[in-house]
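> Fold the following, please.
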Amino acid sequence: MKMLSPVVGGWYKDLETNTLFEVVAWDEASLTIETQYLDGEVAEYDLDMWRLMPLERVAAPEDWRSPFELDDDDGLDPDLPFHPEDWNNPVSMIEPDTMYGVEDY
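Have a look, this model is predicted:
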């Protein structure tokens, strides 16, 4: 069987155990490959062990985020400013006559 090169971000299927995992790190200096399985488990293999594994390159599973408890809101950064589309409305550019908390009553 031809050895597949480890690609960071690539998904693989171990044909022996029928498990899916993603390569999360590849250290060329120490020749180690770090993987994360679909259930969240992390493993590390040296290049010799990688060569012996019966692997198949596969597409990322549709539900790969579920074991990591990620959802669509996790990509949002609460520290970034929010810019609604209606701020470009000319009416929102009109300044009020009174600035509350600044002027004396």
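> Identify all contacting residues around the strand ranked longest in the chain.
In the chain, taking DSSP state E as the definition, the longest strand is strand 19-27. For strand 19-27, contacts defined as Cβ atoms under 8 Å, 6 or more residues apart in numbering pick out 6-14, 32-38, 42-43, 58, 60-61, 64. For the C-beta atoms, the positions are set from N, CA and C on the backbone; glycine is no exception.
> swap the cut-off to 10 Å and go again
For strand 19-27, the external contacting residues (Cβ atoms under 10 Å, 6 or more residues apart in numbering) are 4-14, 32-39, 41-47, 50, 55-56, 58-61, 64.
> Filter those down to the buried ones.
4, 6, 10-13, 32-36, 38, 45, 50, 55 (16 or more other Cβ atoms under 10 Å).
> Which of those residues fall within helices?
Counted as lying in helices by DSSP state H, out of the buried ones among the contacts of strand 19-27, are residue 50.
> Output the contacting helices and strands for whichever strand or helix holds residue 48.
Here residue 48 sits within helix 47-52, counting by DSSP states H and E. Judged by 3 or more Cβ pairs under 10 Å, 6 or more residues apart in numbering; DSSP states H and E, helix 47-52 is in contact with strand 19-27, strand 32-37, strand 42-46.
> Let me see the mean pLDDT of the shortest one.
For strand 42-46, the per-residue pLDDT values average out at 93.
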